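**Student:** Okay, sequence plus prediction incoming.
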Amino acid sequence: MPTDHRARLATIKRFDQLIAYLRDEMGWPIENGSDFEDLTFEYTPEELGIDAKNAAKIQEIKRLRPLSPKQPWGIFFVKFEPKKLPVVALRRILSQVALKKRASANSAERAAWAADDLLFVSNYGEGEERQISFAHFSRSQDGHDLPTLKVLGWDNRDTALHLDAVARELSEHLAWPDDDGDGDAWRTRWRAAFTLRHREVVTTSKELSIRLAELARNIRDRIRTALAIETDKGPLTRLMKAFQEALVHDLDADGFADMYAQTIAYGLLSARIADPHRKTADDFAAHMRTNPFLRELMETFLKVGGRRGGRGGSRRSLYISRSLRAIR
């Protein structure tokens with residue numbers, strides 16, 4: 001009798017249930033009865049550059065032991081408490097386990113992969129509303145922009161049509177390959193499971209205002225998440241203190257995140273209106289050269305998200321602090 005993938009996917013809320021599905025339906029070479037703990041290595045937030053005091057939202061970070069000696073993929077299981085997938089936290093983990101052009105002093109002590117050879121399996125949500133998502137970061141074509149997060153996920157509230165589509169993507173792309181020696185074909189097949197969603201074209205002022213509000217909320221939430229896992233020396237925390245000292249003394253984290261998000265959102269809108277062909281972060285930064293304060297805010301936002309280059313954090317905070325005093 002064929003498996004009802006729709007019904008089975010809807011019941012998967014834990015990693016051990018997912019492992020069983022990957023073994024039984026996707027052909028992953030996992031021994032029947034294997035314990036999830038025995039199949040994985042455990043990481044602590046400190047190992048991945050996240051302060052333990054601020055990592056309460058991350059319940060566990062585990063890496064699947066290689067299932068094949070020819071496996072190019074690093075597969076991580078990350079369990080979160082929040083209702084939504086914390087993209088900032090995934091980027092922090094990515095920055096620590098992805099290969100860098102210049103190896104760090106402890107590079108021999110930690111396994112690393114190309115950024116687009118990493119697969120994150122995330123579990124998040126509350127109670128019976130836990131959700132499973134496969135996440136993959138794809139590198140930008142020019143190598144300058146941040147890797148783009150693409151997600152394939154589901155929960156028990158999804159429609160039957162969506163669950164059917166997820167099951168099809170899993171079986172067509174994320175099944176274990178018959179020939180695991182062909183690394184290039186393997187990479188191509190698994191990466192094909194992750195596609196960007198093409199959003200509808202904005203045609204009215206009402207749609208534009210709704211889209212801008214969504215963008216600002218998303219940026220605000222990411223700023224909040226970043227602040228929650230930073231130490232006092234984190235770039236956003238230092239920046240918030242500069243605002244408190246020079247402009248708004250009673251500014252709290254929520255107010256700072258909201259103000260920052262609106263500034264970035266409408267700055268991006270201004271850049272796009274000035275030149276509709278602008279698409280990359282470098283394009284927008286170029287437009288913002290006429291407004292150094294806005295450019296510095298944008299560069300800080302990109303830096304916190306994981307982008308390398310640009311001014312140092314201390315220098316950037318000092319520049320913004322001076323700008324704020326001048327405004328006051």
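**Tutor:** Good, I have the coordinates.
**Student:** Show me the shaky parts of the stretch 1-150 of the chain.
**Tutor:** 1-4, 51-54, 56, 100-110, 127-128, 140-145 (pLDDT under 70).
**Student:** run the last query once more with 80
**Tutor:** 1-6, 46-57, 82-88, 99-111, 126-130, 139-147 (pLDDT under 80).
**Student:** Can you list the residue ranges for helices in it?
**Tutor:** 5-11, 15-24, 87-97 (DSSP state H, counting those that start in this stretch).
**Student:** Pull out the buried positions in the shortest one.
**Tutor:** If you call a residue buried by 16 or more other CB atoms under 10 Å, then helix 5-11 has these buried ones: His5, Arg6, Arg8, Leu9, Ala10. All C-beta atoms are positioned from the backbone trio N, CA, C, and that covers glycine.
**Student:** I'd assumed Ala165 was in contact with the first one.
**Tutor:** No. Between His5 and Ala165 there is no contact, the gap being 10.6 Å when judged by CB atoms under 8 Å.
**Student:** circling back to that earlier point, tell me the most buried of the helices of the stretch 1-150 of the chain?
**Tutor:** helix 87-97 (a mean of 20; mean count of other CB atoms under 10 Å).
**Student:** what does it rub up against?
**Tutor:** With contacts defined as CB atoms under 8 Å, 6 or more residues apart in numbering, helix 87-97 is touched by 47-50, 57-58, 61, 74, 76, 78, 80, 110-113, 115, 118, 120, 122, 135, 137, 146-147, 149, 222, 225-226, 229, 304-306.
**Student:** which ones among those are found in strands?
**Tutor:** Judged by DSSP state E, strands contain the following of the contacts of helix 87-97: Ile58, Ile61, Gly74, Phe76, Val78, Phe80, Leu118, Phe120, Ser122, Ala135, Phe137, Leu149.
**Student:** between the residues you listed, which is closest to Ala193?
**Tutor:** Nearest to Ala193 among those, counting by CB to CB, is Ala135 at 10.8 Å.
**Student:** What count of nearby residues applies to the closest one?
**Tutor:** For Ala135, the neighbour count with other CB atoms under 10 Å is 21.
**Student:** And for the one 4 residues further on?
**Tutor:** Applying the criterion other CB under 10 Å, we find 14 residues in the vicinity of Arg139.
**Student:** Likewise for Phe76?
**Tutor:** 24.
**Student:** On the strand side of things, show who it bridges to.
**Tutor:** When assigned by DSSP bridges, Phe76 has beta-bridge partners Arg63, Phe120.
**Student:** Tell me where the stretch 151-300 of the chain has strands.
**Tutor:** Under the criterion DSSP state E, counting those that start in this stretch, the stretch 151-300 of the chain carries no strands.
**Student:** Okay, now the unreliable bits of it?
**Tutor:** For the stretch 151-300 of the chain, the ranges with pLDDT under 80 are 155-162, 195-211, 235, 243, 245-248, 264, 266-268, 270-300.
**Student:** What are the structural domain limits within this structure?
**Tutor:** Following the assignment in automatic domain parsing, the chain carries domains at 5-191, 205-327.
**Student:** from the middle of its chain, how far away would the first one be?
**Tutor:** Put plainly, it is domain 5-191. Distance of domain 5-191 from its chain centroid, counting by CA atoms, centre = their mean, to the nearest Å, is 11 Å.
**Student:** what about that domain, start to end distance?
**Tutor:** 21 Å (CA to CA, to the nearest Å).
**Student:** swap in stretch 118-138?
**Tutor:** 9 Å.
**Student:** I'd like to know which of the helices of the stretch 1-150 of the chain is closest to Asn32.
**Tutor:** Nearest to Asn32, of these and by CB to CB, is helix 15-24 at 7.0 Å.
**Student:** From the contact counts, what lies against that closest one?
**Tutor:** Contacts defined by 3 or more CB pairs under 8 Å, 6 or more residues apart in numbering; DSSP states H and E place helix 15-24 against helix 5-11, strand 118-124.
**Student:** Can you lay out these as TSV showing distance to Ile93?
**Tutor:** Below are the helices and strands packed on helix 15-24 laid out as TSV (distance: least, CB to CB, whole Å):
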stretch	distance to Ile93
helix 5-11	25
strand 118-124	7
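**Student:** Thanks a lot, see you next time.
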